[in-house]
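Participant: Any chance you could fold what I've pasted below:
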Amino acid sequence: MIDTAPTSPTSPELGPSTAPHRSVVTVRALLIAAVVTIAINAWVEYSELVTPTSQMSESTPPIPAILSLALVAFLAVLWSRVAAALASSHLPVLSALGKLAQRRALTRDEILAIYLFLMVAAAMPSVGIVRLVLPCIMELQYFGEPQNHFTEMARYLPAHWAPLEPEAVRTFWEGADKTIPTSFLVNVPVVGGMLESIWQFFAQSTVVPWRLWAAPFAVWTGYLVVYFVSSFCLVTLFRKQWAEDDHLTFPLATMSIEMVRTGSTFGTGVPFLKDPVMWVGFSLAVLYDGLNMLKVFSPGLPAMGMWYPIGKLFTESPWNTMSGLMVWYKPEILGLGYLVPSEILLSIFVFSMVHWVTRPAARILGVQTPGLPFSNEQATGAMIILGLYFLWQARHRISQVARKALTGDPNIDDSREPLSHRTAFFGAVLGILALVLFPILHGVDWWQFCGYFGVGTLFLIAYARNRAETGLPIVWGYPLLKQKSVLTDFLGSTPFIRAGRLQSFSLLSVFVFLERGTYYAITSLKQEACIVGETMGIGARRTARLVIGAAVFGLLVAMWMYIASYHTWGGNVMETVGGTQGGQRAGIALHEFQYASDAIDFPQPPSTPRITATVVGAVMTLGLILARREWVAFPLHAVGFALASCHENYMWFVAIVLFLTKSAVLRLGGARLYRRLAPGFIAFTLGHFVSIGLWSFAGLYGGDMIQRYRVWFL
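Facilitator: Numbering: from 1, shown residues only. This is a model prediction of the structure:
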């Protein structure tokens, strides 16, 4: 790769590279990436759906992409060494063969292109895209009972949204009656089992009634493709504001850059893979996970586990209201969190504690409102204000993009952008218009979906900006399931379900996948991939085309895999150990439809406590923004408040550990020691990812034992 000297204590240079961009996206690199993408889907199907052992595709970057990078790089090195040995042979035939093999060896740039493709494609079969879309379009037809209105609501589903025939619905949830025949490949010596597994993976699609699924496949794949392209265009509008004006470092791109570069890291003078500090951090993560894994087989072995229920210490009133307080270790955050600004870490801890202390304080004051302190509602207000603020902050840059797109102003240079200003502007505008018009034309009231999608768009902007600043590898860094509920909190449910509007509310509920998915994370992942590509000399624009292609191909494969898998195994037993309700994703959709059904019989008025909490979150965020604009050294940060409100339990412990560690490091050794230790912290996250990836792979053969240590990511 191209060596790039770092210019800051926390990350390599992330600005546009002045090196000439090379043609590295070769046909064979794309073919290899496509084959690996299909293999990853097969792996995800078995390890996350059939025998769930870990949510490896949920990590950032996806664990399968990291392991694939290591495997491809290892095979490339092995190829080169074997080719060199043959080329040096005294036998003319072997020498000629070796020289030919040397000319056909994968280059480092091709390996980088494969990795960038997989960064996006490997995320497509993750927990929050197709795995949630399918239950959302199939539950009303199956779970209808006399005590709910699902059957009535299902009548509003268009035929091209989902199969409506009873037998097709039953097959989706209970599995097909016919079995997939074995092939002759099973008799092949040594590799017969592997070849048979490959055959079974592809042959499972034969049980799908494709005449009924062809239209839904095309509709929802097309809708998701439009979403991912338009969302990428949208965040690209902010690139100059965030990278050049705000000088954000996009820390999550750092780990990928360090994995693929060959030069020294963080100004240490030592290559990443040869740095002893890196290997210490990597080994500590492997030790942590290794002990947890060994404890599965030997329960008496001491191991930290994944959490500690510190709340069990609070047994007396009013402190027993904090009984749910947990210490979560979260190695992925503990590693990459080292690059997070200290004021954000401090804010996460402080505001998490404020949320928890609010509970006993309310008990002392005699306040008995269930749900206090409504952290998720406070997070909703915070993210809406952050989205609006970041939009206002970038108004001049966005106006330049619009002027370039509409008039072709030659004074505005967009040659180094991931997308031309014209493509980004019209891609965002036309894409969002298509996404909004699609449900409206099928019966959703325009004001309902515009409000719903508008809140989600502000969440996307805030999430992308927060991730560019903090680099925290959290997929769920936004208020979950709040896009619609914030509307019903303020308006009540009556305006949504009164006479003539049941169709609108029913179809709106189908789109719950947009408020509990990984869409924001994957959009940011594409942005980070462009930074990696630009830094390493491929070019942001070439990388943008690569990752958009990866998103389209990854979606096609994932949609095919999930439809086939649900029909083969039955949706009722997917993603669950011994369950019959379809796992968490099915439960999320079921809860959303049940809310809509209950609203018909028991209309809810506006929720004063939730409205108050949302307003408090918005006002608190605005106050923190103004305070930091007025006093540069103000110690609390609005982003930390938003993240603490989103997840008051998961990050507080790691945040205070990192804050104290960074404070001690800077006091003892200054920026030099800080930079020297950075590779070790990054490698701690990397070691955790590799360990869980290998554990997930072991789950393909390890059965029930492996399932006792199930890892998911925040």
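Participant: Could you give the separation of the lowest-mean-pLDDT helix or strand in the chain from the chain centroid?
Facilitator: Lowest on mean pLDDT, DSSP states H and E among the helices and strands of the chain sits helix 192-203, with a mean of 76. Centroid separation for helix 192-203 versus its chain: 29 Å, with CA atoms, centre = their mean, to the nearest Å.
Participant: In terms of secondary structure, what does it contact?
Facilitator: helix 27-44 (3 or more CB pairs under 8 Å, 6 or more residues apart in numbering; DSSP states H and E). Quick note: C-beta positions are derived from backbone N, CA and C, even for glycine.
Participant: Next, the angle from the helix it packs on to helix 192-203.
Facilitator: 90 degrees (axes from the mean of the first three to the mean of the last three CA atoms, to 10 degrees).
Participant: Excluding its own residues, what touches helix 27-44? List them.
Facilitator: Helix 27-44 is contacted by residues 56-57, 64-65, 68, 72, 106, 110-111, 113-114, 117-118, 121-122, 125-126, 197-198, 201, 549-550, 553-554, 557-558, 561, 696-697, 700 when judged by CB atoms under 8 Å, 6 or more residues apart in numbering.
Participant: now the helices for the stretch 501-650 of the chain?
Facilitator: For the stretch 501-650 of the chain, helices defined by DSSP state H, counting those that start in this stretch occupy the ranges 502-510, 519-535, 540-569, 583-601, 608-630, 638-646.
Participant: Which one of those helices lies nearest to Y709?
Facilitator: helix 583-601 (17.9 Å; CB to CB).
Participant: and the gap between the residue nearest to A105 when sequence neighbours are not counted and L30?
Facilitator: Spatially, and ignoring its direct neighbours in sequence, A105 is nearest to S80 (5.0 Å; CB to CB, 6 or more residues apart in numbering). Distance of S80 to L30, computed by CB to CB, to the nearest Å: 21 Å.
Participant: how close does I497 sit to V639?
Facilitator: 36 Å.
Participant: now do L391
Facilitator: 15 Å.
Participant: Next: M119.
Facilitator: 24 Å.
Participant: follow-up on the earlier one: shouldn't the residue nearest to A105 be in contact with T107?
Facilitator: No - using CB atoms under 8 Å, S80 is not in contact with T107; the gap is 10.2 Å.
Participant: Can you report how many residues neighbour W199?
Facilitator: 17 (other CB atoms under 10 Å).
Participant: Tell me if I'm right that it and S183 touch.
Facilitator: Yes - between W199 and S183 there is a contact under CB under 8 Å: 4.5 Å.
Participant: show me the contacts for Y452.
Facilitator: Y452 neighbours (CB under 8 Å, 6+ apart): 483-484, 487, 508, 511.
Participant: The helix or strand hosting it relative to helix 502-510, how many degrees between them?
Facilitator: Taking DSSP states H and E as the criterion, Y452 maps to helix 446-470. Between the axes of helix 446-470 and helix 502-510, defined by the same axes, to 10 degrees, the angle is 10 degrees.
Participant: all numbers from here: first residue = 16
Facilitator: Right, with 16 as the first residue, what we last looked at is helix 461-485.
Participant: Emit the ChimeraX select command for whichever of the contacts of Y467 are buried.
Facilitator: Buried residues among these (16 or more other CB atoms under 10 Å), as a ChimeraX selection:
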select :498,499,502,523,526
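Participant: And the contacts of Y467, which two are furthest apart?
Facilitator: L502 and F526 (12.6 Å).
Participant: Now do the biggest helix by length in the chain, average pLDDT.
Facilitator: As assigned by DSSP state H, the longest helix anywhere in the chain is helix 667-717. Across helix 667-717, pLDDT averages out at 90.
Participant: Which other helices and strands does that helix contact?
Facilitator: Helices and strands touching helix 667-717, by 3+ CB pairs under 8 Å, 6+ apart, are helix 42-59, helix 78-102, helix 266-275, helix 291-312, strand 342-343, helix 346-351, helix 357-379.
Participant: Mind doing that once more with 10 Å?
Facilitator: In terms of contacts (3 or more CB pairs under 10 Å, 6 or more residues apart in numbering; DSSP states H and E), helix 667-717 is packed against helix 42-59, helix 78-102, helix 266-275, helix 291-312, strand 342-343, helix 346-351, helix 357-379, helix 653-661.
Participant: And the ones you listed, which one averages the lowest pLDDT?
Facilitator: Among the helices and strands packed on helix 667-717, helix 266-275 scores lowest, with a mean of 80.
Participant: hmm, back to that, nearest to F243, of the helices and strands packed on helix 667-717?
Facilitator: helix 42-59 (15.2 Å).
Participant: Determine how far the closest one lies from the middle of the whole chain.
Facilitator: For helix 42-59, the distance to the chain centre is 19 Å (CA atoms, centre = their mean).
Participant: Could you list the buried residues of that helix?
Facilitator: 44-45, 47-49, 51-53, 55-59.
Participant: before we move on, what about stretch 297-309?
Facilitator: For stretch 297-309, by 16+ other CB under 10 Å, it's 297, 299-301, 303-304, 307-308.
Participant: got it, and stretch 189-203?
Facilitator: 189-191, 195, 200.
Participant: Pull the distance from that stretch to the chain's centre.
Facilitator: How far stretch 189-203 lies from its chain's middle: 34 Å, per CA atoms, centre = their mean.
Participant: Now do that stretch: distance from first to last residue.
Facilitator: Distance between the two ends of stretch 189-203: 33 Å, counting by CA to CA, to the nearest Å.
Participant: Residue ranges in the stretch 416-565 of the chain under the pLDDT threshold?
Facilitator: By pLDDT under 70, the stretch 416-565 of the chain contains no weakly predicted segment.
Participant: cutoff 80 now
Facilitator: The stretch 416-565 of the chain contains residues with pLDDT under 80 at 513-516.
Participant: Next, the contact list for H164, please.
Facilitator: 155, 512, 517, 521, 608-609, 611-616 (CB atoms under 10 Å, 6 or more residues apart in numbering).
Participant: H175 and Y238 touch, don't they?
Facilitator: No - contact between H175 and Y238 fails when scored by CB atoms under 10 Å: they sit 11.4 Å apart.
Participant: related to what we said a few turns ago, so if I had to pick from I512 and V654, which one is more boxed in?
Facilitator: More crowded of I512 and V654, by other CB under 10 Å: V654, with 26 against 23.
Participant: Let me see the ranges of the strands in the stretch 116-265 of the chain.
Facilitator: In the stretch 116-265 of the chain, no segments count as strands under DSSP state E, counting those that start in this stretch.
Participant: Please enumerate the helices of it.
Facilitator: 123-136, 145-153, 165-169, 181-189, 207-218, 225-251, 254-255.
Participant: Show me what the third one is in contact with.
Facilitator: Taking contacts as CB under 10 Å, 6+ apart, the residues outside helix 165-169 that touch it are 153-160, 177, 179, 184, 517-518, 520-522, 524-525, 605, 608-609, 611-612, 615.
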